[in-house]
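Q: dropping the sequence and predicted coords here.
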Amino acid sequence: METQETILVVDDNRDNREIMQTYLEARGYMVVGAADGRSALAKLEEVEPDLVLLDVMMPGIDGWEVCRTIKNHPKFGDTRVVMVTAKSGYEDKFEGMRSGADDYVVKPVDLKELVEKVQRNLAARERGA
């Protein structure tokens, strides 16, 4: 029996979280939500996701710092991280990649693009890329 891939969706905007969660669950993924950086890091330990969809602008710990923490963690460093943010400038994308992000989606989210990037990053994870 194939195990269901788990995605952690981190966004302080509840509507954004729920839209992504509903869309991804309808495509067969197990989705867990977190509203801020601290709860994201706690959920990371709890659910051990295959992929993290991560907003940048959040109260407390921002997405850049959460991404760096994930990528520097001995257990979760290989977890794929896709930044999902309204910050669309070149410098923002560069900061995302410098933080260790594997991919970048600009809000408002095109859900088809999101699923494509989720699939691509999960496939890369399976290949060990």
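A: Everything's here; your move.
Q: going forward, measure contacts between C-alpha atoms and count neighbours the same way
A: Noted.
Q: residues in contact with Leu54?
A: Val9, Val10, Asp11, Gly63, Cys67, Val81, Val82, Met83, Val84, Thr85 (CA atoms under 8 Å, 6 or more residues apart in numbering).
Q: pretty sure the first one is in a strand, no?
A: Yes: when classified by DSSP: H, G, I helix; E, B strand; the rest coil, Val9 is found to be part of a strand.
Q: isn't it up against Tyr29?
A: No: here Val9 does not reach Tyr29: they are 11.5 Å apart, not a contact under CA atoms under 8 Å.
Q: need the longest helix for this structure.
A: Counting by DSSP state H, the longest helix found in the chain is helix 111-127.
Q: can you name the residues that contact the residue most central in space within the chain?
A: Of all residues in the chain, the one closest to the mean position by CA atoms, centre = their mean is Leu53, 1.6 Å from it. The contact partners of Leu53, by CA under 8 Å, 6+ apart, come to Ile7, Leu8, Val9, Val10, Val81, Val82, Met83, Val84.
Q: same thing but at 7 Å, please
A: Applying CA atoms under 7 Å, 6 or more residues apart in numbering, we find Leu53 in contact with Leu8, Val9, Val10, Val81, Val82, Met83, Val84.
Q: where's it, which helix or strand?
A: If you go by DSSP states H and E, Leu53 is part of strand 51-54.
Q: one more: Val82?
A: Going by DSSP H and E, Val82 is in strand 80-85.
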